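Undergrad: just need the structure, nothing else, for what follows:
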Amino acid sequence: MNPKAPEYHEQVYQPEADTYLLLSSVKNEIRNIDTVLEVGTGSGIIARACSERARCVATDVNPPHACRMAHQMGVEVVRTDLYAGLKGPFDLIVFNPPYLPTTENERINDWLEYALDGGGPDGRAVIHRFASDLQRILHPPHGRVLLLVSSLTGIQETRELFAEQGFLSYIVSEETTEGGERLVVFRITHDLCSLRD
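TA: The predicted structure is shown next:
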């Protein structure tokens, strides 16, 4: 299939500053020998860039819009929640999670909500679910995750969440938006000491 530029649908998260910051980090990290997973691909532009360099599969929970858009861009995409049902292991996992803190009465209950609502007052519920089974699909010992995190969600709190799951993390890129939101990309790897335990 020849990928084409998709027509953006209002129910798919359109690329913004966070998307492009993560994309830049991915281009610096990816190797042609990697097996790559992009979780929550949305428009598919990051997965498409990965596919130009390595074997890549993407997921999204939004079947009628995001999965279709990514497929139109030539991305191999699976409709699933995070990485449920995928076996792995993957050398590189890329995720721009929904991270907005959202109260019950703020929820819109549409497909775009899945791309924005991080879950609960701290916005880390989806990130926590992502981290909780990551050991299963991230290639040991040298698999890497690139995860975008916002100051709205808690940068240090997110780092601690991954440490509790046996991972090390450090910031590989960051920027501050015009509105004062700090965006960072974490490079997350196995804590080799915990793998030996």
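
Undergrad: so, low pLDDT: which residues of this structure?
TA: 1-9, 11-13, 99-120, 194-197 (pLDDT under 70).

Undergrad: where do the strands sit along it?
TA: Along the chain, the stretches classed as strands by DSSP state E are 35-39, 55-60, 77-79, 92-95, 144-150, 167-176, 182-190.

Undergrad: paired strands for the last one, with orientation please.
TA: What it means is strand 182-190. strand 144-150 (antiparallel), strand 167-176 (antiparallel) (DSSP bridges).

Undergrad: just the angle between the shortest one and strand 35-39, please?
TA: Taking axes from the mean of the first three to the mean of the last three C-alpha atoms, to 10 degrees, one finds that strand 144-150 is oriented at 20 degrees with respect to strand 35-39.

Undergrad: is it possible to export the strands paired with strand 182-190 to JSON lines including distance to residue 84?
TA: Backbone N, C-alpha and C define where each C-beta goes, glycine included. Output for the strands paired with strand 182-190, formatted as JSON lines (distance: least, C-beta to C-beta, whole Å):
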{"stretch": "strand 144-150", "distance to residue 84": "17"}
{"stretch": "strand 167-176", "distance to residue 84": "20"}
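
Undergrad: so which of these is nearest residue 62?
TA: strand 144-150 (18.0 Å; C-beta to C-beta).

Undergrad: surely residue 155 and residue 149 touch.
TA: Yes - look at residue 155 against residue 149 with C-beta atoms under 8 Å: they come within range, at 5.5 Å.

Undergrad: so those two - more neighbours on which side?
TA: Of the pair residue 155 and residue 149, residue 149 is the one with more neighbours under other C-beta atoms under 10 Å, namely 30 against 18.

Undergrad: quick one: the lengthiest helix in the chain to strand 144-150, angle?
TA: Taking DSSP state H as the criterion, the chain has its longest helix at helix 17-29. Going by the same axes, to 10 degrees, helix 17-29 is angled at 160 degrees with respect to strand 144-150.

Undergrad: which residues outside helix 17-29 are in contact with it?
TA: 13, 42-43, 45-46, 49-50, 92, 94, 96, 144, 146, 148, 150, 172-175, 177, 183, 185, 187 (C-beta atoms under 8 Å, 6 or more residues apart in numbering).
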